[in-house]
Structures are given as C-alpha cells and as structure tokens.
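S.K.: give me coordinates for this.
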Amino acid sequence: MFLARVIGSVVSTRKSEKLVGAKLLVVDPVDFVHQKGEGKPLVAVDSVGAGEGEIVLVVQGSSARLTEASKDTPTDATIMAIVDSVEFDGRRTFTK
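M.R.: The predicted model follows:
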C-alpha cells in the first residue's frame with residue numbers, strides 16, 4: 001500500500017467487460033513528508049470516488065482485486081481510500 005496523488009484520468013470506450021463502469025485514474029506515488037511525486041505514474045481503478053489532486057491510498061497486486069469495485073477485475077492497482085491526514089515521525093505532514 002502506498003500514498004499517491006491523483007493527477008489525471010483515463011477514458012477507454014473499448015475495454016474488458018469486467019472494467020465496464022470502472023473509473024480509471026492516473027496516480028503519482030508521493031513521499032510521506034512533503035507529498036511530492038517520487039515514482040512513475042500508474043493507472044488505478046477508483047473504488048472510493050477520488051478526484052484530481054487528492055491524496056489517496058493505493059494497493060497493488062492480488063489485494064487490488066479485493067474491493068467491491070475491483071472484485072474479479074483485471075487490475076493491478078486500486079485506490080481504496082482518500083486520505084484525510086498523515087502523521088509521520090511524530091508530526092502531521094498532511095491535512096486535507
């Protein structure tokens with residue numbers, strides 16, 4: 001599981017039947033202290049109604065297919081929480 005910022009969306013009119021109705025968002029992994037991008041952006045299925053600019057928790061691998069929105073879908077990344085705040089090393093580093 002990792003923190004990421006939603007930076008965009010993906011629209012696909014032709015896709016696997018299991019992804020019909022799924023919202024696909026582009027997320028950029030961020031560090032815990034400054035919420036600055038630190039990795040390559042990736043596409044994730046949104047299971048919580050996240051929006052652009054929000055800090056979210058993303059899960060990958062087989063766990064990505066365990067939410068109601070992603071169950072039995074061909075996904076390797078799912079947004080499973082919208083972050084309200086982050087406390088790291090005894091101090092709050094992010095508040096929504």
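S.K.: direction included, what does the one helix or strand residue 80 maps to pair up with?
M.R.: Assigned by DSSP states H and E, residue 80 falls within strand 77-82. Paired neighbours of strand 77-82 in the sheet (DSSP bridges): strand 42-46 (parallel), strand 55-60 (antiparallel).
S.K.: so how far is that strand off the chain centroid?
M.R.: Distance of strand 77-82 from the chain centroid (CA atoms, centre = their mean, to the nearest Å) equals 4 Å.
S.K.: please save the CA atoms from that strand in PDB.
M.R.: Output in PDB follows, covering the C-alpha atoms of strand 77-82 (Å, rounded to 0.1, in the frame of the first residue of the first chain):
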ATOM      1  CA  ALA A  77      -3.800  -1.200  -8.800                       C
ATOM      2  CA  THR A  78      -6.900   0.100  -6.900                       C
ATOM      3  CA  ILE A  79      -7.500   3.300  -5.000                       C
ATOM      4  CA  MET A  80      -9.000   2.100  -1.700                       C
ATOM      5  CA  ALA A  81      -9.000   5.200   0.500                       C
ATOM      6  CA  ILE A  82      -9.000   9.000   0.300                       C
END
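S.K.: the closest residue in space to residue 19 that isn't next to it in sequence and residue 65, how far apart?
M.R.: Spatial nearest neighbour of residue 19, chain neighbours left out: residue 73 (5.9 Å); criterion: CB to CB, 6 or more residues apart in numbering. Any C-beta I mention is one placed from the backbone N, CA and C, and that applies to glycine too. Distance, residue 73 to residue 65, by CB to CB, to the nearest Å: 6 Å.
S.K.: returning to that earlier point: ok, and what's touching the following helix or strand past the strand holding residue 80?
M.R.: Next helix or strand after strand 77-82 toward the C-terminus (DSSP H and E): strand 85-88. Defining contact as CB atoms under 8 Å, 6 or more residues apart in numbering, one finds that strand 85-88 is touched by 3, 32, 33, 35, 55, 92, 93, 94, 95, 96.
S.K.: out of those, which are inside strands?
M.R.: Per DSSP state E, strands hold the following members of these: 3, 55, 92, 93, 94, 95.
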